[in-house]
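*Asks:* coords please:
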Amino acid sequence: MQKVLETLIYLQDIDTQLQRLEAERGDLPQKVKELADEVEEMRNRLAQKIEAKNSLIAEKSSLDNDVILLDEQLKKYKVQLYQVKTNKEYDAITLEIETSEKNKEDKEFRSLELEESIGKISEEIKELEEQLQSQQALLEANKKELDEKLEKTHEQQQQLEEKRKGAAQKLSRQILSTYDRIRKARGGVAVARLIGGACSECSSRIPPQHGLEIRMMNSLNYCEVCGRIVVWTPDSSEE
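*Replies:* The predicted structure is shown next:
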């Protein structure tokens, strides 16, 4: 059991070093992810607005063409108006002229509405493009900083992970599972030391009999307050 406890101490030291490396990176990984998500969302919004603008432009172009055709049609009707010979023909052409003029007026009004909408959405696109450019620059700066930190600690992290893998293989599945569960629940620290008759992590006093059992290092012992595995090492201060 002493070998198991020594392995747990070694494993905890490795995990503590890995945790420090992670702390050096701080919230940069999360920040980069959030910025990347924001940039992606802005790109999607920009694509939607550009698509909407193109749709409005296409509709306006179609209406403008219709207005040109109606103008030509009205010219023909007005020429025909002077060539009619009966009141019935005159009334029929007059009705066509009124209908075409009303149709033309409606299309011109709609075209003006579309022109206003195109102008508005163009401003929105311009503003969104500026925001996107700014966010992309911020994302690239944070990515660069994160990459530099990752490069700086990559080799050290790899070495520690290899050591951790080797240490973990020396433990039974049950003990490793217990260690990982406590570490996850206790801020990354599963193994505490007996120092001065107390738990080194939560400072709770440990009864003398329990302390004696811990110093013997022949069984797993837990702090009754924080639940961590408590061990003793020769360099632990008992003063």
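
*Asks:* for the longest helix anywhere in the chain, packing partners?
*Replies:* Counting residues, the longest helix found in the chain (DSSP state H) is helix 87-169. Using 3 or more C-beta pairs under 8 Å, 6 or more residues apart in numbering; DSSP states H and E, the elements in contact with helix 87-169 are helix 2-25, helix 28-81. Backbone N, C-alpha and C define where each C-beta goes, glycine included.

*Asks:* Next SSE downstream of it?
*Replies:* Sequence order places helix 173-185 as the next helix or strand after helix 87-169, per DSSP states H and E.

*Asks:* Can you spell out which helices and strands pack onto whichever helix or strand comes after that following helix?
*Replies:* Heading C-terminal from helix 173-185, the first helix or strand you meet, by DSSP H and E, is strand 191-195. Secondary-structure packing of strand 191-195 (3+ C-beta pairs under 8 Å, 6+ apart): helix 2-25, helix 208-216, strand 229-231.

*Asks:* Show me what strand 191-195 pairs with in its sheet, parallel or antiparallel.
*Replies:* Take DSSP bridges as the rule and strand 191-195 pairs in its sheet with strand 198-199 (antiparallel), strand 229-231 (parallel).

*Asks:* Residue 15 is nearest to which of these?
*Replies:* Across those, residue 15 has its closest neighbour in strand 229-231 (12.8 Å, C-beta to C-beta).

*Asks:* buried residues in stretch 204-212?
*Replies:* For stretch 204-212, the neighbour count (16 or more other C-beta atoms under 10 Å) marks 206, 210, 211 as buried.

*Asks:* hey, which of the helices and strands packed on strand 191-195 is tucked in deepest?
*Replies:* For these, the largest average neighbour count (mean count of other C-beta atoms under 10 Å) is found in strand 229-231, namely a mean of 24.

*Asks:* and for it, what are the contacting residues?
*Replies:* Under the criterion C-beta atoms under 8 Å, 6 or more residues apart in numbering, residues 5, 8-9, 178-179, 182, 190-194, 199, 206, 214, 217, 220-223 lie in contact with strand 229-231.
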